[in-house]
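pasting a predicted model and its sequence here:
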Amino acid sequence: MNAPAHGLTGVLEAWRGGRAAAVDTALATWKVALVPGSADEREYWLQRVAVDAVFERPTLAVTAREAEYVARAAGDEVALARIGAHILDARYSDWLPSRDARPWLDILRGVSFPRLLSLPPATRLEIAAGLLAAELYGEALAVAADTAARVADWVAAAPDVLPAIRSNALGYAMEYFSGQRRWPPAHTLIARIDELVAQRTLPDIALAKVSSRRGFYYHYRRGDYADALAHSKGAIEAAERAAVARPAREAAITVTLCHLMRGDVAGADLALGEEAAAIPEGHLMLRANVAYERAWWHALRRDVVSAQRELDVACRLFAEVDEHGVMSFATPSLQAQLLLQVGEYDAALRVFELRLRRPDAWLVDMGFIQAAAALDRGDSAAASAVLREVLPVATRTDIKGVFWACRPELLGLLTLAIRENIEPEWAKSVCEARRLTAA
């Protein structure tokens, strides 16, 4: 085996342990034997990009420029796509805007599915993760659907690829399907992730990332708040062992949300404090998110004035940095719930009626507002009629995170639904998940 090939082998073995120092040492050893302009030199710089992206180093942009220069000099489009995949992966995981990575998005947009199929397994999975990260940013890549559908098979057929690369691709594919609430393929991907975790080959840095991702994008979205908490706390512990902050910050958000969704005001207050303290300086998106969660926290305490003040801050910051509107569905719902808390039912409905696009969750919100207004005027028959229209929508999509800031009103509506035999199993499952019991 020649020196350059041996150098890559050493780097890959270091990656298996997941320690930055070991990878750095292996890269330094390999660098001595590199030939300028060779394929090995390109691979060396690609591994350097991966190190900076995965271990959250501030030198990522500089390293990526050097890697890009080497790749372009060789006309290596695959190398460029790999660089872009690492950059999009890092930015998406850290809640950073995609606009600053626009050239890399353009490169990934040019990757065709047939070309992806022709690549070696490790390279294919590496680029697949970046493609799905770009899609989840809201970039609408044509290749994303086919890519997500094949990731589980690609992983099963590539047992020799680094576990961290396999788990990363699985995590992004799972998120892709859970975002569409397509649970059967998401279940399959979670099973593959469980198999990897059970093998105990995932380094802490990869375990932290995939645990954080599944905590929110699988368990939390399904209303499995106990499992969401368990995996998120596990992610934080693994991130601490790996000395990285990004997955811990992401998991801390899920911890806060789980406490809020279950009405644990004290637990949410503590989690919010820890989450806010970990925000990097100048990170507006994470600041906006904490303001939104704090508004929710005040709403649980029925402090509408304080909640509205925090929500205004959140909306202003989201407007500055949330270029694809990932929070554009959550903030109107919270605004409507604050209006409902002060009896302004018509105004609460107008929050939704002023917007053209209305997802299923909003249809449920609107129906609940109408039903709550009917109950408020003593017309339980009218409330039941509305619930018969909207609860099948909630059941079909299995939405448990409804009316998250209005627990007394939600309990009243679910109690009525159970009594009137309106989707009673769904209503009971929400009561259990959200820890809703009669006062």
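Now that the structure is in, tell me what you want to look at. Residues are numbered from 1 along each chain as shown.

make it CA atoms for all contacts and neighbour counts henceforth
OK.

give the contact list for residue 342.
Residue 342 sits next to residue 304 when contact means Cα atoms under 8 Å, 6 or more residues apart in numbering.

and it, how far is that from residue 410?
15 Å (Cα to Cα, to the nearest Å).

same check, this time on residue 420
For residue 420, the distance to residue 410 equals 15 Å [Cα to Cα].

out of these two, which sits in the more crowded spot?
Counted by other Cα atoms under 10 Å, residue 420 and residue 410 do not tie: residue 410 has more neighbours, with 21 against 14.

pLDDT wise, what is the nearest residue to residue 130 once chain neighbours are set aside at?
Excluding the flanking residues, the one nearest residue 130 by Cα to Cα, 6 or more residues apart in numbering is residue 85, at 3.7 Å. With respect to pLDDT, residue 85 has a value of 97.

count of residues packed around residue 85?
Neighbours of residue 85 under the rule other Cα under 10 Å: 26.

that one touches residue 132, doesn't it?
No - look at residue 85 against residue 132 with Cα atoms under 8 Å: they stay out of range, at 9.1 Å.

residue contacts, the residue nearest to residue 130?
104, 108, 126, 127, 128, 129, 130, 131, 133.

next: residue 236.
Residue 236 neighbours (Cα under 8 Å, 6+ apart): 208, 212, 247, 248, 249, 251, 252.

which element follows the helix or strand encompassing it toward the C-terminus?
According to DSSP states H and E, residue 236 maps onto helix 225-242. Counting by DSSP H and E, the next helix or strand C-terminal to helix 225-242 is helix 246-261.

report all helices and strands that that following helix contacts.
helix 77-93, helix 204-214, helix 225-242, helix 265-277, helix 284-300 (3 or more Cα pairs under 8 Å, 6 or more residues apart in numbering; DSSP states H and E).

wait, which of these is closest to residue 427?
In terms of Cα to Cα, the element of those nearest to residue 427 is helix 225-242, at 16.0 Å.

is it possible to mark the buried ones in the contacts of residue 236?
The neighbour-count test (16 or more other Cα atoms under 10 Å) marks 208, 212, 247, 248, 249, 251, 252 as buried among those.

as TSV, those residues with distance to residue 67 and pLDDT would be great.
Formatted as TSV, those follow (distance: Cα to Cα, whole Å; pLDDT from 0 to 100):
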residue	distance to residue 67	pLDDT
208	27	97
212	29	97
247	25	96
248	28	97
249	28	96
251	31	97
252	33	97
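
ok, the residues you listed vs residue 235, which is closest?
residue 208 (4.1 Å).

gap between that closest one and residue 415?
As judged by Cα to Cα, residue 208 and residue 415 stand 39 Å apart.

what segments of the stretch 301-439 of the chain are helices?
Assigned by DSSP state H, counting those that start in this stretch, the stretch 301-439 of the chain shows helices spanning 304-321, 330-341, 345-353, 360-376, 380-397, 407-419, 424-434.
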